[in-house]
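# Quick one, fold the following:
(2 chains)
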Amino acid sequence: MKIATWNVNSVRARLPRLVPWLQERQPDVLCIQESKVEDDLFPREPLEDEGYNIEVHGEKTYNGVAILSRYPMEAVAKGFPDDPPDASRRALSCIVKDMMILNLYVPNGQALGHPKYVDKLAWLDRLRAYLDQSFDPREKVLVTGDFNITFDDRDVWDPEGMRDGIHCSRPERDKLAQVMQFGLADGLRHFHEEAGIYTWWHHRGMGFQRGQGMRIDHFLLSDAALRCCTDIVVDTGARKGRNTSDHAPVIATFAE
DNA sequence: ATGGTGGGTTCCCCA
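Below is the predicted model of the structure:
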């Protein structure tokens, strides 16, 4: 089974890249972030035509998550249990086969000290509480999406310049570590230790062409999920050329 | 120190 995550930066704008990518890579499940569309305007038909069931939790203009799955999705849950009705749409979970999947779009945070940064840290506390409340670390649990946080210097093209920058600061990394302590491992690092594996590059200033990126899209796996995972790779090919997202997809493969 | 690009739907916000 192949499970992928991709911040598409608008699912409607990305359709001309997304549909051929699905045909080429044939993931069984795709977790989408930044769909940027209300649920009743989500482009269901061209994706259903590729053989996917679709669950959405979106909003106008900003944020939004969705899951495409060739297998039935059960126990679908939208947002956090304590979300107010107007909360930004950032979390969507379901069970596929025996895997609990949680798809996240973690707040960006903008800059250290910004009110959005404070919100980001608080949101990560609520994520940990949600895991404690609704997930079982002894089961196969897969938490994926755009975390907007790097783990360490290997994930950053300019670690010195970014030392206290957004996505790299100590408080963000500490909050991510707190989430991991639920019983989750950084899946990609189980297979690939080298520095310079990135999932995001700025659209500005030829970031991708210059190799100026960060690894901020992750697969966090419980022990049981990690045991049946055989590899996790970034599909940098999807970041090449025109009309791309600023993120590349990440693909995890599991033994059946 | 600043700006550069891209998406949405704004007369600017967000990443």
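# helix, strand or coil for the closest residue in space to A:Arg44 that isn't next to it in sequence?
Ranked by C-beta to C-beta, 6 or more residues apart in numbering and with sequence neighbours excluded, the top spatial neighbour of A:Arg44 is A:Ile54, at 5.5 Å. C-beta here means a position set from N, CA and C on the backbone, and glycine is covered the same way. Using DSSP: H, G, I helix; E, B strand; the rest coil, the secondary structure recorded for A:Ile54 is strand.
# tell me, how many neighbours does A:Ile54 end up with?
A:Ile54: 17 surrounding residues under other C-beta atoms under 10 Å.
# For it, give me its contacts.
A:42, A:44, A:47-48, A:66-68 (C-beta atoms under 8 Å, 6 or more residues apart in numbering).
# Take those and lay them out in CSV including pLDDT.
Below are the contacts of A:Ile54 laid out as CSV (pLDDT from 0 to 100):
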residue, pLDDT
A:Phe42, 98
A:Arg44, 98
A:Leu47, 98
A:Glu48, 98
A:Ala66, 98
A:Ile67, 98
A:Leu68, 98
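# Out of these, which is nearest to A:Gly165?
Of all the contacts of A:Ile54, A:Ala66 has the smallest distance to A:Gly165: 29.3 Å, by C-beta to C-beta.
# give the contact list for the closest residue to DNA strand B within chain A.
Proximity of chain A to DNA strand B (C-beta to the nearest atom of the strand) peaks at A:Ser10, 3.0 Å away. Contact partners of A:Ser10, counting by C-beta under 8 Å, 6+ apart, are A:34-37.
# Phi, psi for the residue of chain A positioned farthest from its centre please.
No residue in chain A sits farther from the centre than A:Glu160, which is 25.3 Å out by C-alpha atoms, centre = their mean. With angles defined as degrees, to the nearest 10, A:Glu160 sits at phi -70, psi -50.
# interface residues of chain A facing DNA strand B?
Contacts of chain A with DNA strand B, taken as C-beta under 7 Å from any atom of the strand, map to A:9-10, A:12-13, A:36, A:60-62, A:107-108, A:110, A:116, A:148, A:203-205, A:242-243, A:246.
# Generate a ChimeraX selection restricted to the buried subset of these.
Only the buried entries of the residues of chain A next to DNA strand B go into this ChimeraX selection, using 16 or more other C-beta atoms under 10 Å:
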select /A:9,36,107,108,148,246
